[in-house]
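S.K.: just need the structure, nothing else, for what follows:
(2 chains)
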2 protein chains.
Amino acid sequence: MLDHQSILNALQPVQDPELKKSLVTLNMIRNVSIKDSTVEFTLVLTTPACPLKELIIQDCEKALKELPEVQEVKINVTSETPVQKALPTQQSIPNVKNIIAVSSGKGGVGKSTVAVNTAVALAQMGAKVGLLDADIYGPNAPTMLGVEDYQVTVEKRPEGDILEPVLSNGIKMVSMGFLINPGQPVIWRGPMLTGIIRQFLHQVNWGSLDYLIVDMPPGTGDVQLTLAQSVPMAGVVIVTTPQNVSLIDAYRGIKMFEQLKTNILGIVENMSYFIPPDLPDHSYDIFGSGGGMKASQELQIPLLGLIPLEISLRQGGDNGVPILISHPQSASAKALKLIAQKIAGKVSMMALA
Amino acid sequence: MLDHQSILNALQPVQDPELKKSLVTLNMIRNVSIKDSTVEFTLVLTTPACPLKELIIQDCEKALKELPEVQEVKINVTSETPVQKALPTQQSIPNVKNIIAVSSGKGGVGKSTVAVNTAVALAQMGAKVGLLDADIYGPNAPTMLGVEDYQVTVEKRPEGDILEPVLSNGIKMVSMGFLINPGQPVIWRGPMLTGIIRQFLHQVNWGSLDYLIVDMPPGTGDVQLTLAQSVPMAGVVIVTTPQNVSLIDAYRGIKMFEQLKTNILGIVENMSYFIPPDLPDHSYDIFGSGGGMKASQELQIPLLGLIPLEISLRQGGDNGVPILISHPQSASAKALKLIAQKIAGKVSMMALA
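M.R.: Residues are numbered from 1 along each chain as shown, chains lettered A, B, ... in the order given. This is a model prediction of the structure:
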């Protein structure tokens, strides 16, 4: 006899492949209904960017079709992103579930490119995404999203000034670039950096967000310390190029976040190889090769992906149209999309661990 | 009748092509001796890296050979690098004649590559050169010079601890990399940065230097402010790549130094184009093109040179042998040598202006 409990029993052995727990135990199976030989339910994933969605659906269908009474299975997929826990010393941002930092020891390795395209990818997959450009001295994210001429508006509230983020490609965004004229330098010593980062975290009308991506400045100083100490972070993504001088700085960045007890979600290797647009069968390791894999193995940190050096990727950044929008079928765009999915998967694992 | 005064009179019209003043007025002609029809003198250039040395020698010979009594001219070339003047609020480093900062708004554009190779080029041309690695969070210069395992020694003196710089390729060098273990992060807030930079300037046994090259960190913060305010700087070299997001940050860097009243010596465009090693007739503008020239024209700042993206240049940095030593005939090495000469010429102009 087909009833609610027999459906759950059949689904009990099906695990989330990343969380390694039963979908039933994780409360991911809801609204089960049975009509004749048709079973319908809602599969509540832990992220709209679930990289293994298709696999989970297949596993559910397979498990249910082993019941002789089941002829048809209808699965409605939705998601509820889990919320990262805060330490007693940290102050959460209300309704912001997961703060993800994109960092590197060294500048110029493609940190902003990864941050911007991860934000775009997660938004395209249905997540509510914010982007906090924490590179106060060199805010590039507005240029990369084509909104460098925008300004944030400020709302006076009894509890203090609240910034209204700029909306671009479905992403809510704040940046020092919205508060100064283009090309104007921000000549600030460290304590002022700390102040603006706190404001960008806690005095912005972020609304409800699944993910707040933070584009970090290079180095291991004031901004990194402030962020790691004051808000709960889902984790940090470390971007490097394959070359030695970049890897050494990446190691430094990783060790800093380990000391600050911040989760390392993984390593992204950017500018992995160059494919000339007119010679697609040629490939040049301009910045060396294998560095990301080496770091991943030595430090026991996942390698989230390799992004090739494509001229269209750089042009996308310069022209304000991220490559995920301008060239979604390019090798870089595909790599970036996969990286975003892996990040989202790991963030869910952190929250549910 | 050939005498001392007639020689000086004949040389009076010969000008230093950069300083646009007579060599005689500039006291660059010394130790004149006449023996029969042979004139011998010492030409004291303002830098051992004088880019126009050959032209000046030719001009002198031509001017003297117009005197009918002169059959032969012998010129001994030497140099005395002039000393940069300090403002009342600034503290000079004794016997350090010229402090040159290599900066950029954005990280990862090749600042350390330009700083290290400029230091090597000036040392090769006979100048006494120091290199101060001011990138405290990401000290790459020791790796690029193959001395990353070295440590500085500290000498106890009554006036305080004095660091003994590391010697590499004839260059005296200090770096945070010599004070920490490789890969160890320096998790410091701004005021600590200021302290170590002051120490690197004033508590190092620099000895006598024509040029102290400072490899700056990215950004427009504590280190930049400390350096510009506390020591007399001959000027700053701004490194950028041709791409838009890098140029925007370069503009910010230039505006900051203008606000701080620091001379801008010029712009260097790095990673200008990529030539595949197996296809020397192909060239790819991976990071765009023309950015350095555009910035030079818009901001009325000299373009000191373009450096191509060569795999051997990156390998040189990773392997600890600068390209000026490993591949002196490569396009990058030639460009870097010419840039070093132009920097030296402009520094002399600043000091004598």
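
S.K.: all contacts plus neighbour counts: C-alpha atoms, from now on.
M.R.: Fine.

S.K.: for the closest residue to A:Asp59 other than its chain neighbours, what are its contacts?
M.R.: Closest residue to A:Asp59 in three dimensions, ignoring its sequence neighbours and counting by CA to CA, 6 or more residues apart in numbering or on different chains: A:Val14, at 6.5 Å. Shown in contact with A:Val14 (CA atoms under 8 Å, 6 or more residues apart in numbering or on different chains): A:Ser22, A:Leu23, A:Val24, A:Ile56, A:Asp59, A:Cys60, A:Ala63.

S.K.: closest to B:Asp318 out of these?
M.R.: Of all the contacts of A:Val14, B:Asp318 sits closest to A:Ile56, with 44.4 Å by CA to CA.

S.K.: pretty sure that closest one contacts A:Asp16?
M.R.: Yes. Between A:Ile56 and A:Asp16 there is a contact at 6.8 Å, judged by CA atoms under 8 Å.

S.K.: and the next helix or strand past the strand or helix carrying A:Asn117?
M.R.: Using DSSP states H and E, A:Asn117 sits within helix A:111-124. For helix A:111-124, the succeeding helix or strand toward the C-terminus, using DSSP H and E, is strand A:129-133.

S.K.: sheet partners, orientation included, of that following strand?
M.R.: Each strand that pairs with strand A:129-133, with its direction, by DSSP bridges: strand A:171-175 (parallel), strand A:209-215 (parallel).

S.K.: with only the CA atoms kept, save the helix holding A:Asn117 in CSV.
M.R.: What follows is helix A:111-124, C-alpha atoms only, in CSV (Å, rounded to 0.1, in the frame of the first residue of the first chain):
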residue,chain,number,x,y,z
LYS,A,111,40.2,38.0,-7.7
SER,A,112,37.6,40.5,-8.9
THR,A,113,37.0,38.5,-12.1
VAL,A,114,36.2,35.4,-9.9
ALA,A,115,34.2,37.4,-7.4
VAL,A,116,32.0,39.1,-10.0
ASN,A,117,31.4,36.0,-12.1
THR,A,118,30.6,33.9,-9.1
ALA,A,119,28.0,36.4,-8.1
VAL,A,120,26.6,36.5,-11.6
ALA,A,121,26.5,32.7,-11.8
LEU,A,122,24.8,32.3,-8.5
ALA,A,123,22.2,35.0,-9.4
GLN,A,124,21.6,33.3,-12.8
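
S.K.: residues contacting that helix, please?
M.R.: A:48-49, A:102-104, A:128-131, A:140-141, A:144-145, A:169-171, A:213-216, A:239, A:317, A:322-324, A:336-337, A:339-341.

S.K.: can you turn the buried part of the residues you listed into a PyMOL selection?
M.R.: Here is the PyMOL command that picks out the buried ones among these, judged by 16 or more other CA atoms under 10 Å in any protein chain shown:
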select buried, chain A and resi 48+49+102+103+104+128+129+130+131+140+141+144+145+170+171+213+214+215+216+239+317+322+323+324+336+337+339+340+341
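
S.K.: mind saving the C-alpha coords of the top helix by length along chain A as CSV?
M.R.: Determined from DSSP state H, the single longest helix within chain A is helix A:331-352. Taking Å, rounded to 0.1, in the frame of the first residue of the first chain, the C-alpha atoms of helix A:331-352 are listed here in CSV:
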residue,chain,number,x,y,z
ALA,A,331,35.8,27.8,-21.8
SER,A,332,36.2,30.5,-19.1
ALA,A,333,32.5,30.9,-18.6
LYS,A,334,32.0,27.2,-18.2
ALA,A,335,34.8,27.0,-15.7
LEU,A,336,33.5,29.9,-13.7
LYS,A,337,30.0,28.5,-13.6
LEU,A,338,31.3,25.2,-12.3
ILE,A,339,33.4,26.9,-9.7
ALA,A,340,30.3,28.9,-8.5
GLN,A,341,28.4,25.6,-8.1
LYS,A,342,31.2,24.0,-6.2
ILE,A,343,31.5,27.0,-3.9
ALA,A,344,27.7,26.9,-3.2
GLY,A,345,27.9,23.2,-2.5
LYS,A,346,30.8,23.6,0.0
VAL,A,347,29.0,26.5,1.7
SER,A,348,26.0,24.3,2.3
MET,A,349,28.2,21.6,3.7
MET,A,350,29.8,24.2,6.1
ALA,A,351,26.4,25.4,7.4
LEU,A,352,25.0,21.9,7.9
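
S.K.: for it, which helices and strands make contact with it?
M.R.: Packing contacts for helix A:331-352, counted by 3 or more CA pairs under 8 Å, 6 or more residues apart in numbering or on different chains; DSSP states H and E, involve helix A:111-124, strand A:264-274, strand A:303-309, helix A:323-326.

S.K.: tell me what angle it forms with helix A:111-124.
M.R.: Following axes from the mean of the first three to the mean of the last three CA atoms, to 10 degrees, one obtains 70 degrees for the angle between helix A:331-352 and helix A:111-124.

S.K.: which stretches of chain A form helices?
M.R.: Going by DSSP H, chain A shows helices at A:4-11, A:53-65, A:111-124, A:141-144, A:190-202, A:222-230, A:244-259, A:291-299, A:311-319, A:323-326, A:331-352.

S.K.: picking that back up, contacts for the longest helix of chain A, please.
M.R.: Against helix A:331-352 from outside (CA under 8 Å, 6+ apart): A:18-19, A:46-47, A:49-51, A:81-85, A:98, A:114, A:117-119, A:121-122, A:234-235, A:265-266, A:268, A:304-310, A:313, A:323-324, A:327-328.

S.K.: try 6 Å
M.R.: Contacts to helix A:331-352, defined as CA atoms under 6 Å, 6 or more residues apart in numbering or on different chains, come from residues A:19, A:46, A:49-51, A:82, A:84, A:118, A:121, A:234, A:304-305, A:307-308, A:323-324.

S.K.: quick one: mean pLDDT over stretch A:291-302.
M.R.: Averaged across stretch A:291-302, the pLDDT comes to 92.

S.K.: just send the strands paired with strand A:129-133 back as CSV, with mean pLDDT too.
M.R.: Shown next, in CSV, are the strands paired with strand A:129-133 (pLDDT from 0 to 100):
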stretch, mean pLDDT
strand A:171-175, 97
strand A:209-215, 98
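
S.K.: got JSON lines for those strands, with distance to B:Ile34 too?
M.R.: Shown next, in JSON lines, are the strands paired with strand A:129-133 (distance: least, CA to CA, whole Å):
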{"stretch": "strand A:171-175", "distance to B:Ile34": "71"}
{"stretch": "strand A:209-215", "distance to B:Ile34": "70"}
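
S.K.: out of these, nearest to A:Asp149?
M.R.: In terms of CA to CA, the element of those nearest to A:Asp149 is strand A:171-175, at 11.6 Å.

S.K.: skip the chain neighbours and tell me the closest residue to the residue of the stretch 251-353 of chain A found nearest chain B.
M.R.: Relative to chain B, the nearest point of the stretch 251-353 of chain A is A:Arg252 (4.4 Å; CA to the nearest CA). Nearest residue to A:Arg252, sequence neighbours excluded (CA to CA, 6+ apart): B:Pro185, at 4.4 Å.

S.K.: tell me, please, the helix or strand in chain A that averages the lowest pLDDT.
M.R.: None of the helices or strands of chain A scores lower by mean pLDDT, DSSP states H and E than helix A:311-319, at a mean of 86.

S.K.: any residue of that helix touching chain B?
M.R.: Yes. Judged by CA under 6 Å from any CA of the partner chain, helix A:311-319 and chain B are in contact via A:Ile311, A:Asp318.

S.K.: ok so, going back, distance from the helix holding A:Asn117 to the middle of the chain?
M.R.: For helix A:111-124, the separation from the chain centroid amounts to 7 Å (computed by CA atoms, centre = their mean, to the nearest Å).

S.K.: how about it: buried residues?
M.R.: By 16+ other CA under 10 Å, the buried positions in helix A:111-124 come out as A:111-124.

S.K.: ditto for stretch A:290-298
M.R.: In terms of neighbour count (16+ other CA under 10 Å), stretch A:290-298 has its buried residues at A:Gly290, A:Gly291, A:Gly292, A:Met293, A:Ala295, A:Ser296.
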